[in-house]
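Student: everything below, folded, please.
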Amino acid sequence: MACRISELVLGCRDPETLAKFWCEVLDFVVLDREGDDMFEIGPREGFGGPQPTIILSRRDEPEKGKSRLHIDVNATDRDQDAELERLLKLGARRADIGQTGEESWHVLADPEGNEFCLLRARLAPL
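Tutor: Next comes the predicted model:
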């Protein structure tokens, strides 16, 4: 028997704003919340399904150093260029981490600066 990822936890200054952003990006819903300090978002079927949930937990002080984990996303119903435009309208911004310009992906940052990548391949929706 092996483990599988059930939740990803992201410390942030404004959990509600990031919950709204990531719900729009991933077509997730808020599954649980504890006041304004913690939001758990995930697929409509809830915790325990094929996709992990994301817990956005308030941290007033950022972690020291750069985060070593980032999220990669793939569009499910449009091409990469159309999805890039949608993500930028939602509040993502381009991030420069030393790309050459030849990459097949786009490096972006969410409203709090957490980096994530939009990959080229389109995946089937779950």
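Student: and the nearest residue to Arg122 once chain neighbours are set aside, how far from His106?
Tutor: Spatial nearest neighbour of Arg122, excluding adjacent residues (C-beta to C-beta, 6 or more residues apart in numbering): Ala75 at 5.2 Å. (C-beta placed from N, C-alpha, C; glycine too.) The gap separating Ala75 from His106 is 11 Å, by C-beta to C-beta, to the nearest Å.
Student: any shared contact partners between the two?
Tutor: Leu118 (C-beta atoms under 8 Å, 6 or more residues apart in numbering).
Student: domain boundaries for the protein, per the record?
Tutor: Domains of the chain are assigned by automatic domain parsing as 1-60, 69-126.
Student: direction included, what does the helix or strand containing Phe116 pair up with?
Tutor: Using DSSP states H and E, Phe116 sits within strand 115-118. Take DSSP bridges as the rule and strand 115-118 pairs in its sheet with strand 71-73 (parallel), strand 106-109 (antiparallel).
Student: residues of that strand that come out buried?
Tutor: For strand 115-118, the neighbour count (16 or more other C-beta atoms under 10 Å) marks Phe116, Cys117, Leu118 as buried.
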